[in-house]
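Trainee: All I have is the shape, not the residue letters:
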Ligand code: ACO
């Protein structure tokens, strides 16, 4: 039994905020942002547009791509740090939005690594027979937890959603599906990247706080180690992998990892210029971009990887 990826889809809010526009609000410049991060623009959700709305749109696109109906789905897992409410989960709101009244739905919180954590959980639940057809969604409205006066963080993030339909399959187990996932965390450095609010501590939502240069240092090292361990666990070499789909935090992190693992730049999918960092949504958004533009094809060996607040990090390997 393997968990195979039946379809993928994504959604970006209509409004695009360019670096130029941002530099009118805070003391920054297009040149600084591009040089330090590779980011050129980000999408920002409209007033009245919520994380669940982005997730529903991405889920519908993934179902269409899979040629499946919402009623086929018996598990919804949503990776998000920007839920609609403290509770209920955004997953149940998406479930209702898709007209599904059976199966189970829940959120997971691993910040930017959420999609990798989600794939690990969905893979386990499909392989043990708990569910047959799952929607794994990464959806974020990070614009809502940014301090728009803090130039060290507000230039980095954007809103969006990506979704995959994953199904338990015995027939395709030889030729497709998840081969291994690898997840790790370490709370020792939680204050290097966190949100300074929450229901229990402050009864507020809070804003993103980050010591960027410190995060950078850990990210390159830990991601590279996770990718190597994930490949080894599946019995393949990094050289066998066709495509790498990283969390889109910063082009310099992507380049640092590529250099360390001797990856060819053209194998590394980068959407950071257009989407910025959409946290848990960034990996499926990048993957969908590369599937739709014809780079990633059925049968290709694909590795996802991410690093985020916690710290949390991980990698996932599958044959698409
Ligand atoms: N515009 C202009 N200048 C700025 C800006 C800005 N937007 N932001 C900071 N600066 C200034 C700083 O004040 C500093 O000035 P100083 O030298 O006069 O003190 C200077 O630029 C350099 O600042 P650094 O923080 O050292 O810059 P660095 O090269 O490290 O780049 C960045 C900052 C882009 C944040 C980088 O450290 C980074 O990308 N880090 C990793 C971020 C990341 O990966 N996050 C992970 C996931 S996010 C998640 O999980 C939610």
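Mentor: Ah, there it is. All values derive from a computational prediction rather than experimental measurement.
Trainee: In contact with residue 97, which residues?
Mentor: 52-53, 56 (Cβ atoms under 8 Å, 6 or more residues apart in numbering). Every C-beta, even on glycine, is put in place using the N, C-alpha and C of the backbone.
Trainee: which one is the residue of the stretch 101-250 of the chain at minimum distance from the ligand nearest to, not counting chain neighbours?
Mentor: Residue of the stretch 101-250 of the chain nearest the ligand, by Cβ to the nearest ligand atom: residue 212 (2.7 Å). Nearest-residue entry for residue 212: residue 152, 6.3 Å, with adjacent residues in sequence omitted and distances by Cβ to Cβ, 6 or more residues apart in numbering.
Trainee: Run through the neighbouring helices and strands of the helix or strand harbouring the one you found.
Mentor: Using DSSP states H and E, residue 152 maps to helix 151-154. Where contact means 3 or more Cβ pairs under 8 Å, 6 or more residues apart in numbering; DSSP states H and E, helix 151-154 is packed against strand 208-210.
Trainee: The strand it packs on pairs with which strands?
Mentor: strand 193-195 (antiparallel) (DSSP bridges).
Trainee: returning to that earlier point: please look at the residue of the stretch 101-250 of the chain closest to the ligand and residue 150 and confirm they touch.
Mentor: No. Residue 212 is beyond contact range of residue 150, at 11.1 Å (criterion: Cβ atoms under 8 Å).
Trainee: So which bits of the chain are right by the ligand?
Mentor: With Cβ under 6 Å from any ligand atom as the criterion, the chain meets the ligand at residues 28, 32, 36-37, 111-112, 151-152, 155, 193, 212-213, 215-216, 219, 249-250, 253, 277, 279, 308-309.
Trainee: what do you get if the cut-off is 8 Å, keeping everything else the same?
Mentor: Within the chain, the positions adjacent to the ligand are 26-29, 32-33, 36-37, 81, 111-113, 142, 151-157, 193, 208, 210-216, 219, 247, 249-250, 252-253, 277, 279, 307-309 by Cβ under 8 Å from any ligand atom.
Trainee: which ones among the residues you listed are found in strands?
Mentor: Here DSSP state E is the test, and the residues of the chain next to the ligand give 193, 208, 210, 307-308 as lying in strands.
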